[in-house]
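1. Predicted model and sequence follow; I will ask about them next.
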Amino acid sequence: MADSKKRTARKLPEAGQWPDALSPWVIVAGIILTTLGFLMAFFVVPPVSGATVNGAELVGDTVVSNKLLMSQKIFYFHMPVAITSFAALAFAAYYCVRFLITRELRFDTCARIAMEVALLFTVMTMITGEMWTRFEWGVWWTWDPRLTTYLILMLIVIAYIVLRNMVDDPIRRAAFASVVGVIAFIDVPICFMVTRLIPSSVHPVVTRAGGMTPEMGLCIALVGVGMMCVAFALYRARFRQVRFAERVDALKERLDD
């Protein structure tokens, strides 16, 4: 009887939040900025050097050299998507830590949705990275340090999703998943810094002095902000869907009581 009253007194999850009203405008802004960035990449920014190698170097089974290629245009999509995946993982880790401190399931919900968005952008990063690798180096895969660390990152994110489907108890599931979410974020600075820590890496370090022209920087900024807007809109849409489902479940409990 007491449990029944407790369930009845439970506050219903909110039907929506104020950021939901911004989502349609944000997704439109994201589409516009991303489109402008793509147009700038093909019609304004000239082709530039690809991966930096000393003369000629064996990558996989192919000898490659520093050359001008249109495949460089993939970079203007690849880098912003990768940065967006890092941002999504940062938000997920924040909510994971909040759950571990408070044990409030709403933080676990936020972390789960952020990890779902991160998985989407992580997969897109790997796909575009493989395209660039194939066209620039002539191979689909090589154990380049950044490729390897980012592959590990993607596998950790996938492990997070799989783990959530293996544990039934909500609190234990959220606790285990939160630990994995924090571990995933720990790999983010490793992915970012590995080309600086391992000089033998043939992956380009584009943010070093002289690595990007102003046109390149502007193009990446446009696509980057656009991708962030798209990620935000996806997060809010998914969050609203989850909260509505939780609200329906709570209403069903009240009707059953």
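-> Structure received.
2. quick one, helices of the stretch 1-150 of the chain?
-> Along the stretch 1-150 of the chain, counting by DSSP state H, counting those that start in this stretch, helices occupy 2-9, 19-43, 75-102, 105-137, 145-164.
3. Those helices: which one's closest to Met228?
-> helix 75-102 (5.8 Å; CB to CB). Yep, even glycine has a C-beta here, placed from its N, CA and C like the rest.
4. Now do the closest one, average pLDDT.
-> Averaging pLDDT along helix 75-102 yields 93.
5. elements contacting it?
-> Contacts defined by 3 or more CB pairs under 8 Å, 6 or more residues apart in numbering; DSSP states H and E place helix 75-102 against helix 19-43, helix 105-137, helix 145-164, helix 170-197, helix 214-256.
6. thought Tyr76 was touching Val45?
-> Yes - using CB atoms under 8 Å, Tyr76 is in contact with Val45, at 7.3 Å.
7. Between those two, which contacts overlap?
-> Counting by CB atoms under 8 Å, 6 or more residues apart in numbering, the contacts common to Tyr76 and Val45 are Met216, Cys219.
8. Tabulate the helices of the stretch 1-150 of the chain (a markdown table), appending distance to Lys252 and mean neighbour count.
-> Shown next, in a markdown table, are the helices of the stretch 1-150 of the chain (distance: least, CB to CB, whole Å; neighbours: other CB atoms under 10 Å):
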| stretch | distance to Lys252 | mean neighbour count |
| --- | --- | --- |
| helix 2-9 | 11 | 10 |
| helix 19-43 | 23 | 16 |
| helix 75-102 | 25 | 21 |
| helix 105-137 | 18 | 21 |
| helix 145-164 | 22 | 18 |
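9. Of the ones you listed, which shows the lowest average pLDDT?
-> Of all these, helix 2-9 has the smallest average pLDDT, which comes to a mean of 44.
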